[in-house]
Structure formats: structure tokens, C-alpha cells
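In: sequence and computational prediction follow.
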Amino acid sequence: MNITNNRAVMVFKNENKYVVGLSKKKQNGEYENAYIKIEFNKDVELEDKTLIEIKNAWLSFYNWEYEGKKGTTYFIKCNEFKILGEAQNPYKEFREEHQEELEMKDEEGFDLPF
């Protein structure tokens, strides 16, 4: 499954592991957040809270077994991306700069969460 986007996503770093923050606006107006692991090529190092635009990625997984328990971990394997910002609060700054284009509604009239 290929993944591309034309909107900013924030990458959070913990040691040498990365996750991407996802959010969506619920019908009651509150936001719901989730995180999914993202892996980059070996030579890539990003700062915590870097904004990127994913150009080429895919959904992947690995199976694991630990102390008799088995499971599957899903992650995004990102091969190509564009850095959009590395400010202290880059999402806020990016949102302010692109407010008009971010205020779109989906097909059912709900505000999109970006």
C-alpha cells in the first residue's frame, strides 16, 4: 500500500526511533490523536517535531514473538520526503502560513483536522 500526501505531518523522535502524529476532528469538534511508527533510510536523521511532506512511502509490518506472545507491528516505510519546518512549534507556524488552504471540508461537510 503506497502512501503519499501533500500536507504536513509531524515526526516525533525518541532516541533513534520515529513516529508520525495523526489527528482527526470528531463530529463533536474535539480532536483525536494517534501515532504510527515511521522508518526512514539509514542515513536519515530528523529532529523531534520536524514537519515533513511524505513523497514516497508504503505501509509495512513485521511479526514478532516475545515470551510466548506473538504480534504484528505496522509502520510506514518512508523512502522520500520533503522537510517543511523545524521550528520550536513548527505545526503552529505552518498552520498560520497556510490557514486558507487548510480550511477545507470533506465530501460530507465535516471540517478536516489539518
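Out: Here it is on my side, so go on.

In: tell me which stretches of the chain form helices.
Out: 90-97, 99-102 (DSSP state H).

In: so which residue is dead centre in this protein?
Out: The centre of the chain sits closest to residue 20, judged by Cα atoms, centre = their mean, with a distance of 3.3 Å.

In: identify the bridge partners of it.
Out: residue 11, residue 36 (DSSP bridges).

In: any low-confidence regions in this structure?
Out: For the chain, applying pLDDT under 70 flags the ranges 86-114.

In: where exactly do the strands run in it?
Out: Here the chain has its strands, by DSSP state E, at 2-3, 9-14, 17-25, 31-39, 50-66, 69-85.

In: what are the pairing partners of the shortest one, and which direction each?
Out: For strand 2-3, the paired strands and their directions (DSSP bridges) are strand 50-66 (antiparallel).

In: quick one: buried residues of stretch 8-20?
Out: For stretch 8-20, a neighbour-count test (16 or more other Cβ atoms under 10 Å) marks 8-11, 18-20 as buried. Where C-beta positions appear, they are placed from N, C-alpha and C, glycine not excepted.

In: let's have the residues you listed in JSON lines, adding distance to residue 64.
Out: Output for the buried residues of stretch 8-20, formatted as JSON lines (distance: Cβ to Cβ, whole Å):
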{"residue": "8", "distance to residue 64": "31"}
{"residue": "9", "distance to residue 64": "25"}
{"residue": "10", "distance to residue 64": "27"}
{"residue": "11", "distance to residue 64": "23"}
{"residue": "18", "distance to residue 64": "18"}
{"residue": "19", "distance to residue 64": "17"}
{"residue": "20", "distance to residue 64": "20"}
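
In: for residue 55, state which of the residues you listed is nearest.
Out: residue 9 (11.7 Å; Cβ to Cβ).

In: tell me the bridge partners for residue 24.
Out: Residue 24 has the following beta-bridge partners by DSSP bridges: residue 32.
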